[in-house]
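Q: following is a predicted model, sequence given first.
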Amino acid sequence: QKEVEQNSGPLSVPEGAIASLNCTYSDRGSQSFFWYRQYSGKSPELIMSIYSNGDKEDGRFTAQLNKASQYVSLLIRDSQPSDSATYLCAVSRNDYKLSFGAGTTVTVRA
Amino acid sequence: KAGVTQTPRYLIKTRGQQVTLSCSPISGHRSVSWYQQTPGQGLQFLFEYFSETQRNKGNFPGRFSGRQFSNSRSEMNVSTLELGDSALYLCASSHSGAGNYEQYFGPGTRLTVT
């Protein structure tokens, strides 16, 4: 079992729709959860961090965390073509050692 | 504030050689982590340094090593290069303040081993 698993892509959504990305993790000791966006040929860019159960909103992005279910998700509202990228879920035990999922590629079609 | 910088950006080496990559963290950040990204294995943690000490290490052979200097700049070294070491090597820095575990990545060094 992989430490961090993400829903397999690619995920294609129409412009203006909601993109929903899911991530599960196996280490119950995980305390910090992150979403990174990576454009092709570029390095990962941090877009959301979440540490407590519940929702955290930042602009068009909402992260949701459920530690009991070992599940974290990312919603992208009003998807734009510029959101087309690979989204990486990362978790850590608060020790700066990030474990990454394989990523979900999102394509927003105009 | 300037971001994380990595040098060189691209590197071509031959099997058996060794290579040193450099990373300068965001000003004020004291933690530096290194990751390897390949199409097959994804992003994998190599090691993390704080105050010139390695605090954590991933599951990589001893050919991979690193160090951190007093100004928080970090280097990683790969000795006896193998074809499988071809990858994007990413450095990430973190403020390492209480409760803040966010890491910010540099642009990476693309290493090709021939």
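A: Cool, the structure landed.

Q: which positions in stretch A:12-23 come out as buried?
A: A:Val13, A:Ala19, A:Ser20, A:Leu21, A:Cys23 (16 or more other Cβ atoms under 10 Å in any protein chain shown). Placement of C-beta: from N, CA and C, glycine included.

Q: in CSV: those residues, plus secondary structure and distance to chain B.
A: Output for the buried residues of stretch A:12-23, formatted as CSV (DSSP: H, G, I helix; E, B strand; the rest coil; distance: Cβ to the nearest Cβ, whole Å):
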residue, secondary structure, distance to chain B
A:Val13, strand, 23
A:Ala19, strand, 21
A:Ser20, strand, 21
A:Leu21, strand, 16
A:Cys23, strand, 13
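
Q: which ones are touching B:Leu11?
A: B:Val19, B:Leu21, B:Thr109, B:Arg110, B:Leu111, B:Thr112 (Cβ atoms under 8 Å, 6 or more residues apart in numbering or on different chains).

Q: one more pass at 6 Å, please.
A: Going by Cβ atoms under 6 Å, 6 or more residues apart in numbering or on different chains, B:Leu11 touches B:Leu111.

Q: what residues are bridge-paired with it?
A: With DSSP bridges as the criterion, B:Leu11 is bridged to B:Leu111.

Q: per-residue confidence for it?
A: On pLDDT, B:Leu11 comes in at 97.

Q: from B:Ser86, how far off is it?
A: From B:Leu11 across to B:Ser86, the span is 10 Å (Cβ to Cβ, to the nearest Å).
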